[in-house]
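[1] Quick check, what structure comes out for this input:
(one chain, ligands or ions: 1)
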Amino acid sequence: MPDTIDYTIGWDNPASQLFQVAATARPEGDAVVFSLPAWRPGRYVFQNYSANVQNVRAEDDRGRALPVEWVDLDSWRVSAGGSNRVTLRFEYYTSTFDAGTSVLRPDLAYLNLVNLLPWVEGRMDEPVHLTLEAPAEWPVATQLERVTGPGHVFRAPDYHYAADAPTIAAPDLVDWPFDVDGTRFHAWWRPAPDLQGFTREQLLADLAALAREQAAIFGGFPFDEYNHLYQIVPMPFGHAVEHAASASYVLGPPQRLFANRGGYLGLLGISSHELFHAWNVKRIRPAALWPYDYSEPQLSRLHWWTEGVTDYMSNLALVRAGLMTHDEFWQNLASGIASLESTPGRRVLSASASSWTSWLTGYGGGDPNATVSFYSLGNQLGLLLDLQVRDATDGARGLDDVFRLLWKRYYEQGQGVPEDGVQRAVEEVAGRSFDDFFARYVHGTEIYPYEETLAVVGLTARRAPVPGRPEATVGWVLRRTGDAVTVANVLPESPALAAGVMRGDIVLAVDEETLASPDVDAILARHAPGDRVPVRLLRGDQEVVVGVELAGEGNLRWEVRPMEGATERQLRLRQGWLASRASP
Ligand SMILES: [Zn+2]
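    Next up is the predicted model:
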């Protein structure tokens, strides 16, 4: 029997929000070093889980105390003292609730094991046993393998797989299993959702259709069993994290999830995104993240590919499975383009730089006008790359083939994708150079060639006025905080910036009219671009009046539509792009 690293997680009083964690290992020298992750795969920024650790102590196999020393921010060194087994114990404080944290309450034990399990230095590849001391009658949802016998005992082949496993134990957890071509899926819910006008049969059939569409790209699933772990919270919330054979979701409020088609498509969309990650990032993974090192930043320029292109592919699966109509897809493309192109940082930070700096500003922080999401950039890059490969191969190949090539070349060889691996795979599939494309749009900040690329499949992309919105614009973002209307952002090269408006100013009046709402459209509608409008601001305890010379084009959105009189080739390429891969 191979040696194992044994973990036990329990609690005394759940109201304390403290998990009791024990990690036991056989020493291979005179000391054992235990380390807790400083970040988790899926969010490329430090989270410092050891900040939640208290009361660290250690003991031998007879319960005698052993010396333990805190040796760096996340690591503890236990002197073995000649014993056969040493155990490190600590309490872990749980506070925030999202798809990547851990939560303890009287009615819930929610564990993202990457928060809680310290690895043993040099022994990440050894098998792991986990005992969860939850009430015997509570159901448990996890991607870990259950060990038969009493209690909640699980095993994992190594530390990485164990740390990757979100695990929920709760009395109100329900399992809605379904099969997809012989592979068992579970949709776990806590609590069971009110489906309003939808049905359980339809939801599971739709999740199955999505899964079948994605598997058809790769010729099957990369796991034996898969768990969607959905938790519903009362407040507006939408967060999910991918894992090798599961995904954790925290969604709310419950009345919004199944309120209408938009809410339902949102649920299917986030589920599609997380499932596609089972291939893209969990297995087709940047070499920089292979294997995971939970103690150091693992820098990659490829998060636009791991996250943004996953977004693109997950929407494509919805369309191909017939769950999203073509018209809904065109609207989805247009709003994605509009959202990206209205982000000022998009002219500052490239897709590869945005990926690289995720550890600094990838999830907020820094100048809001100098950052941009690699999700948004990558989503559009996925669209453009797919259509340009289809154009270059007269519809014979697309991004599906790029994914298959990455799968065979890297994952099946037990390797990560090198930083230039995506470009090389695209070029190989397309049969032409993409040097120019990557230089301008991936490593550069040029505006993407939407019009000419969407024309490949007979679509037009253009900017058009939003009906009912004024053309005149100030170039600021306003936010209501309590009774005040605050300037949340001042856009670069805007009339507001030129007039000296600052982020954080409270807007008292625009054009002599006291501001009752952050929507100043009614006031702006009385003016034309070029008009000068007085704005009265409160900055600290000083009142400031500035004159803003309004600019135009404040009312533009993007529209994506089928071309009138599209050619046979355009229609053929569009059909090949959107056709189901699962149903012949
Ligand atoms: Zn993702």
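
[2] Tell me who's in contact with residue 246.
    Listed by Cβ atoms under 8 Å, 6 or more residues apart in numbering, the contact partners of residue 246 are 142, 143, 165, 166, 226, 227, 228, 229. No exception for glycine: its C-beta is placed from N, CA and C like everyone else's.

[3] ignore the last one, residue 179
    185, 208 are the contacts of residue 179 under Cβ under 8 Å, 6+ apart.

[4] hey, where'd the helices end up in the stretch 401-550 of the chain?
    421-430, 435-437, 450-454, 495-499, 521-524 (DSSP state H, counting those that start in this stretch).

[5] Please point out the stretch among the ones you listed with the lowest average pLDDT.
    With a mean of 88, helix 521-524 has the lowest mean pLDDT of those.

[6] Report the separation between residue 38 and residue 302.
    21 Å (Cβ to Cβ, to the nearest Å).

[7] more crowded one of those two?
    residue 302 (28 against 20; other Cβ atoms under 10 Å).

[8] Identify the spatial nearest neighbour of the more buried one, chain neighbours not counted.
    With Cβ to Cβ, 6 or more residues apart in numbering as the criterion, residue 302 has its nearest non-adjacent residue at 4.5 Å, and that residue is residue 286.

[9] What score does the one you found have for pLDDT?
    With respect to pLDDT, residue 286 has a value of 98.

[10] I figured it hits residue 419, correct?
    Yes: counting by Cβ atoms under 8 Å, residue 286 does reach residue 419; the two are 7.2 Å apart.

[11] anything in contact with each of those two?
    300, 302.

[12] So the two - more neighbours on which side?
    Per other Cβ under 10 Å, whichever of residue 286 and residue 419 has more neighbours is residue 286, with 23 against 17.

[13] partner residues bridging that one?
    residue 417 (DSSP bridges).

[14] how far away is it from residue 246?
    Residue 286 is 21 Å from residue 246, by Cβ to Cβ.

[15] Please apply the same query to residue 447.
    38 Å.

[16] Same check on residue 543?
    56 Å.

[17] Repeat that for residue 548.
    Computed with Cβ to Cβ, the distance linking residue 548 and residue 246 is 52 Å.

[18] and stretch 505-516, which residues are buried?
    Buried residues in stretch 505-516, defined by neighbour count with 16 or more other Cβ atoms under 10 Å: 505, 506, 507, 508, 510, 511, 515.

[19] what's the answer for stretch 111-129, then?
    For stretch 111-129, the neighbour count (16+ other Cβ under 10 Å) marks 111-120, 123-124, 126-129 as buried.

[20] Would you check how far apart the residue of the chain positioned farthest from its centre and residue 120 are?
    The centre of the chain is farthest from one residue, residue 82, which by Cα atoms, centre = their mean lies 45.7 Å away. From residue 82 across to residue 120, the span is 18 Å (Cβ to Cβ).

[21] And residue 238, which helix or strand is it part of?
    strand 237-242 (DSSP states H and E).

[22] Direction included, what does whichever helix or strand comes after that strand pair up with?
    Counting by DSSP H and E, the element after strand 237-242 in chain order, helix or strand, is strand 246-252. Here strand 246-252 is paired, per DSSP bridges, with strand 225-232 (parallel), strand 237-242 (antiparallel).

[23] Among those, show me which one is buried the most.
    Mean neighbour count (mean count of other Cβ atoms under 10 Å) peaks for strand 225-232 among these, with a mean of 22.

[24] So which residues of the stretch 101-250 of the chain form strands?
    For the stretch 101-250 of the chain, the strands defined by DSSP state E, counting those that start in this stretch occupy 103-105, 108-112, 119-120, 128-132, 140-141, 145-146, 152-156, 166-169, 174-180, 183-190, 225-232, 237-242, 246-252.

[25] With distance to residue 395 as extra columns, can I get those in a markdown table?
    Formatted as a markdown table, the strands of the stretch 101-250 of the chain follow (distance: least, Cβ to Cβ, whole Å):
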| stretch | distance to residue 395 |
| --- | --- |
| strand 103-105 | 49 |
| strand 108-112 | 43 |
| strand 119-120 | 48 |
| strand 128-132 | 48 |
| strand 140-141 | 42 |
| strand 145-146 | 44 |
| strand 152-156 | 44 |
| strand 166-169 | 40 |
| strand 174-180 | 28 |
| strand 183-190 | 30 |
| strand 225-232 | 32 |
| strand 237-242 | 31 |
| strand 246-252 | 33 |
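
[26] out of those, nearest to residue 15?
    Closest of those to residue 15 is strand 103-105, at 8.0 Å (criterion: Cβ to Cβ).

[27] wait, isn't residue 368 in contact with residue 489?
    Yes: counting by Cβ under 8 Å, residue 368 touches residue 489, with 5.4 Å between them.

[28] Sketch out the strands for the stretch 451-584 of the chain, chain order is fine.
    Under DSSP E, counting those that start in this stretch, the stretch 451-584 of the chain gives strands at 459-465, 476-481, 484-490, 506-510, 513-514, 532-539, 542-549, 556-562.

[29] just to revisit the earlier point, and of the strands paired with strand 246-252, who's closest to residue 211?
    strand 225-232 (7.7 Å).
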